[in-house]
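Peer 1: my questions are about this predicted structure, shown below with the sequence.
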Amino acid sequence: MSGTFPISAGFETLDFQSNTTSRVSVSVSGRTQRIKTGSQYWSFKLKSPAMTRADMMADYAFIVQQDGQVESFNIVPPTISTTRGTASGTITVANTTSTTPVISLASGSTAVGATISVGGTLKTGDLIKFSNHDKVYMITEDVNFDGSTVTRIPFYPPLTTALTGGGQTITYTNVPFKVYMDRDEQKFITQADGTYKYEIVMNEEI
């Protein structure tokens, strides 16, 4: 099942995590070699507050329809999905080499040039998503827009898909993640006061 997680009553806590895979080898002399062997992805754990049965069942019905780890869906995590900055307006990727240092829109790039229709700022650690991507990226330096100039936006991890030709828009508010459940078993608990709680762990699908 696809769709967007309903989040009937919000979440009490969020545990957010960046995941990378690397290989480390140590020689007899003690020298180490370290290489990255897989793509980066985000994962997070969400815990619900105490919920009514009606709210609980609305969320749980969506959860069980994912068939454990089989299906993927969209979710907007609380708090972290919106910029800490003041950016306002549509941010559009620019196909230009006028930025310093020069940027590339090819797969593997760690920065793009962009313009914004109004202006404002994005902050280090903000999450963004390109309109032709499922992947979510994190900004690695503060970004200041003046409303007209092409501005460099650095991010991590490197682009998984090229932004050929530019023109893609960038989501920086209510950034949705495409995810799947981290395990096949999904449960909820009933508390002594008659309320319900659940906990879900999700991995980003790339």
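Peer 2: That came in fine, so what should we check first?
Peer 1: could you use CA atoms for every contact and neighbour count after this?
Peer 2: Fine.
Peer 1: what residues does the lowest-mean-pLDDT helix or strand in the chain touch?
Peer 2: Among the helical and strand segments of the chain, the one scoring lowest on mean pLDDT, DSSP states H and E is strand 32-36, with a mean of 83. Applying C-alpha atoms under 8 Å, 6 or more residues apart in numbering, the contact partners of strand 32-36 are 20, 21, 22, 23, 24, 25, 26.
Peer 1: give me the pLDDT value at the fourth one.
Peer 2: Okay, so that is residue 23. Residue 23 carries a pLDDT value of 85.
Peer 1: check which helices and strands whichever strand or helix holds it sits against.
Peer 2: Residue 23 belongs to strand 22-26 when assigned by DSSP states H and E. Helices and strands touching strand 22-26, by 3 or more C-alpha pairs under 8 Å, 6 or more residues apart in numbering; DSSP states H and E, are strand 32-36.
Peer 1: just to revisit the earlier point, ok, then the element right after the least confident helix or strand of the chain?
Peer 2: Scanning onward from strand 32-36 (DSSP H and E), the first element met is strand 41-47.
Peer 1: show me what that following strand is packed against.
Peer 2: strand 13-19, strand 196-204.
Peer 1: in the protein, which ranges drop under the pLDDT threshold?
Peer 2: Where the chain drops to pLDDT under 70, the residues are 1, 8-9, 97-102.
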